[in-house]
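J.: coords please:
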Amino acid sequence: MPTTLDRFSTSAPVVGMVHLPALPGSPGFDGDRDAIRDRALADATTLLEGGVDGLLVENFGDAPFYPDSVPAHVVADLTAVVTELTDAVDVPVGVNVLRNDATAALSVAAATGASFVRVNVHVGAAATDQGLLEGRAHETLRLRERLEADVAVLADVHVKHASPLDGSDLERATCETVERGLADGVVVSGAGTGAETALEDVSRVASAVADLERSVPVFVGSGVTVDTVGDLLEAGADGAIVGTALKEGGETTNPVSLERVRDLLEAADDRRA
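T.: Numbering: from 1, shown residues only. Prediction:
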């Protein structure tokens, strides 16, 4: 299986978020499945035109989120949308099933040819607004083997909108995620969606990874902007996952802004050239 960064056509990839509107069965669903597909394709097209190196699809509109396993109809609708995207684009596509359904994300990715998944709580346990979430790395990695899926697992370290129950610091959490959870990459974020990720946190996680026998990339998972992307890469990040900063008016639920995408990619290119 290729390494995580080998999946992208550049070093320090910028991955653009495709935040899906509420899916059928969620309180916010407006009754129009076609609109979900059209919005996903429109945002993906704009992100690619702006120069992103990959896409990450997420059922962002499904709040309040199921803590662990989502129903089969959510998996079905996600599979339909992700299939549309993987058929339409030539960059790596990832899947994140909120709040923490790694089994669903991996299954969708395997069925659609997606390249990676993001898992919010891969090891350990965290207190969240959905209650207690427990990592299931043992199940996720064994499922990948059974499915013979060429899918990388990006795992959060101290995931946003959560507090780790074991009180571990970033360094220990990084070590556990990589060495015992066997994640293919780690994600470090701020406190919530769109919240700034501290440069110090990026540096700490990058340093912790550098001390490990397994070499995996470090992605920044929130708060990346045109003003911060260069500094975050300089601090040790190997890539960035960007959503809110690329939306019209900087609002997470708005459509993607081509101008914002181009500006952020230009700023990233200044540091990764």
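
J.: tell me which element the spatially closest residue to residue 74 that is not a sequence neighbour falls in.
T.: Spatial nearest neighbour of residue 74, chain neighbours left out: residue 23 (5.9 Å); criterion: CB to CB, 6 or more residues apart in numbering. In this view, the C-beta of every residue, glycine as well, is placed from N, C-alpha and C. Counting by DSSP states H and E, there is no helix or strand that carries residue 23.

J.: show me the contacts for residue 23.
T.: Neighbouring residues of residue 23 by CB atoms under 8 Å, 6 or more residues apart in numbering: 29, 36, 59, 61-62, 74, 77-78.

J.: tell me the one among the residues you listed nearest to residue 260.
T.: Set against residue 260, the nearest of these by CB to CB is residue 61 (20.3 Å).

J.: for that closest one, which non-adjacent residue is closest in space?
T.: According to CB to CB, 6+ apart, the nearest residue to residue 61 is residue 22 (3.8 Å).

J.: tell me how far that neighbour lies from residue 9.
T.: 33 Å (CB to CB, to the nearest Å).

J.: more neighbours, these two?
T.: The residue with more neighbours, out of residue 22 and residue 9, is residue 22; 16 against 11, by other CB atoms under 10 Å.

J.: wait, the more buried one sits on residue 74?
T.: No: contact between residue 22 and residue 74 fails when scored by CB atoms under 8 Å: they sit 10.7 Å apart.

J.: can I take it that residue 201 is in a strand?
T.: No: counting by DSSP: H, G, I helix; E, B strand; the rest coil, residue 201 is not part of a strand but helix.

J.: now residue 18, what's its secondary structure?
T.: Assignment for residue 18 (three-state DSSP): strand.

J.: okay, buried residues for stretch 216-228 please.
T.: Across stretch 216-228, burial judged by 16 or more other CB atoms under 10 Å covers 216-226, 228.

J.: among the residues you listed, which one lies nearest to residue 126?
T.: For the buried residues of stretch 216-228, the nearest to residue 126 is residue 221 (14.5 Å; CB to CB).

J.: the closest one contacts residue 241, doesn't it?
T.: Yes: judged on CB under 8 Å, residue 221 makes contact with residue 241 at a distance of 5.0 Å.

J.: what sits in contact with each of those two?
T.: Counting by CB under 8 Å, 6+ apart, the contacts common to residue 221 and residue 241 are 118, 187.

J.: if we can go back for a sec, now the residue nearest to residue 74. Its backbone dihedrals?
T.: phi -80, psi 160 (degrees, to the nearest 10).

J.: distance of it from residue 81?
T.: The value you get for residue 23 to residue 81, if CB to CB is used, is 8 Å.

J.: now for those two: what residues contact both?
T.: Between them, residue 23 and residue 81 share these contacting residues under CB under 8 Å, 6+ apart: residue 36.

J.: low-confidence ranges in the stretch 1-150 of the chain?
T.: In the predicted model, the stretch 1-150 of the chain carries pLDDT under 70 at residues 1.

J.: with the stretch 151-273 of the chain instead?
T.: Along the stretch 151-273 of the chain, the parts satisfying pLDDT under 70 run over 273.

J.: and the helices in it?
T.: With DSSP state H, counting those that start in this stretch, the ranges of helices along the stretch 151-273 of the chain come out as 170-175, 199-210, 229-234, 258-272.

J.: helices or strands up against the second one?
T.: Under the contact criterion of 3 or more CB pairs under 8 Å, 6 or more residues apart in numbering; DSSP states H and E, the helices and strands touching helix 199-210 comprise helix 170-175, strand 185-188, strand 218-220, helix 229-234.
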